[in-house]
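In: Output the structure for:
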Amino acid sequence: MASYRILCLWCLCVLLHQNCEVTAGTPCTQSDGGGAAVTSSPGSSYTVSTTFTHSCPWNGQLPELIDVPCTCEKTGTMRYSREEREVEFCDGENWLVMFSFKLGSLHRPGDSCKALFDQGVHESGAYWIFADPSVRQPSQVYCEMDFNGGGWLRVYNMMARPGNNANAALFYQSITRNDDVRVVSSSSTSVSIYTNGLRLENYKEVVYGWAPSSDDIVSHFGYYMKTSGLRGECHIDGFCGNNQVMGVMKGSVTNSQRSYKTGSDPNYPHVGIGWTTQQIVWGYDNNGSPNGHWANWADTECCLAANDELMKRAGESWRYSILIR
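Out: Residues are numbered from 1 along each chain as shown. Just a heads-up that it's a prediction; the model follows:
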């Protein structure tokens, strides 16, 4: 019976087009390289290589196309659960999960962070999604599930830097160029806005935020929605130039709406987002001031729109962030 079970596992490994290793041993749980839990049945174990290319076939067919009705009566019977994306093995009495593909793993990507959230994935972290659903090649990204309804894709993050001209120039460079989509953690410092490869027509919302630390949810931010999608939007889909209108955004501090512009060039007076040459709401006042950071989205006159005091209290752990959904 044991040898029959091992033979079944070997046959399944062949069907899965994977590099598998069947040995005697105790139940074990491993990773398939894409975040999926891989659990063996008692009395045998196996590994799953990262060369896996599709869901578990059954009799040469994709499981999405068929159901496998069977009962756990005979040892060695195997079935695929399409809903749970699990392959199960019958030990004569119970169905044992051989391995499963978690939603958001390499072998079960979501269509977006929002789609994952709507399907019940509510923990922030790195997940696999189809950046462009028309191209079935998944990309790993960071999904922010705790902010404002969940399902946000982080495309930019910058940890605190001293407010000086050199760092303002680095900030300017990073927000005026775009690179391929990737994981953007809350403790990283981006050198670009990572949106290349995304089907931006499917994204409608943008947040330019500030958080007091890498562990905190965005607290101050500017927000806008474009129902036709974010293709062509300044910064998100390429830089549109200095002192150009980006759109009408709502600031979280005062809840007022205003037409905001990109900053001036990295020399003076501001880099980031504002509404005149001085009313900065997100970015740097590039005049060499040690208090040159601005991120309060306040609706005041010249030079009072910053949250310098809050930044000082946060120390060196605060961050700028861009989220889209």
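
In: separation between the most centrally placed residue in the chain and A211?
Out: Centroid check for the chain by C-alpha atoms, centre = their mean gives Y142 as the closest residue, at 2.3 Å. According to C-beta to C-beta, to the nearest Å, Y142 stands 14 Å off from A211. The C-beta positions use only the backbone N, C-alpha and C, and glycine is treated the same way.

In: what pLDDT does the residue nearest to the centre of the chain get?
Out: If you check Y142, the pLDDT there is 98.

In: do the same with A314
Out: 84.

In: I'd assumed P212 was in contact with it.
Out: Yes: between A314 and P212 a contact is recorded at 4.2 Å, counting by C-beta atoms under 8 Å.

In: need the helices for the stretch 101-250 of the chain, in chain order.
Out: Along the stretch 101-250 of the chain, the stretches classed as helices by DSSP state H, counting those that start in this stretch are 113-118, 165-175.

In: Return, as residue ranges, the portions of the protein with sub-threshold pLDDT.
Out: Applying pLDDT under 70 to the chain picks out residues 1-70, 80-86, 99-100, 265-269, 290, 301-308.

In: can I see the domain layout of it?
Out: Structural domains assigned to the chain are 2-100, 113-324, following automatic domain parsing.

In: These: which one's closest to L106?
Out: Proximity to L106 (C-beta to C-beta) singles out domain 2-100 among these, at 2.1 Å.

In: Strands of the stretch 201-325 of the chain, start to end?
Out: Here the stretch 201-325 of the chain has its strands, by DSSP state E, counting those that start in this stretch, at 205-211, 220-225, 245-251, 257-262, 270-274, 280-285, 293-294, 319-324.

In: nope, the stretch 51-200 of the chain is what I was after
Out: Ranges of strands within the stretch 51-200 of the chain are 78-81, 86-90, 95-100, 125-129, 139-144, 152-159, 178-180, 193-196, based on DSSP E, counting those that start in this stretch.

In: Would you tell me which of these gets closest to L323?
Out: Comparing the strands of the stretch 51-200 of the chain under C-beta to C-beta, the one sitting nearest is strand 152-159, at 4.1 Å.

In: returning to what we had before: let me know which of the helices of the stretch 101-250 of the chain is tucked in deepest.
Out: helix 113-118 (a mean of 21; mean count of other C-beta atoms under 10 Å).

In: end-to-end on stretch 315-325?
Out: Start and end residues of stretch 315-325 are separated by 30 Å (C-alpha to C-alpha, to the nearest Å).

In: And it, what's buried?
Out: For stretch 315-325, burial by neighbour count (16 or more other C-beta atoms under 10 Å) applies to 318-325.
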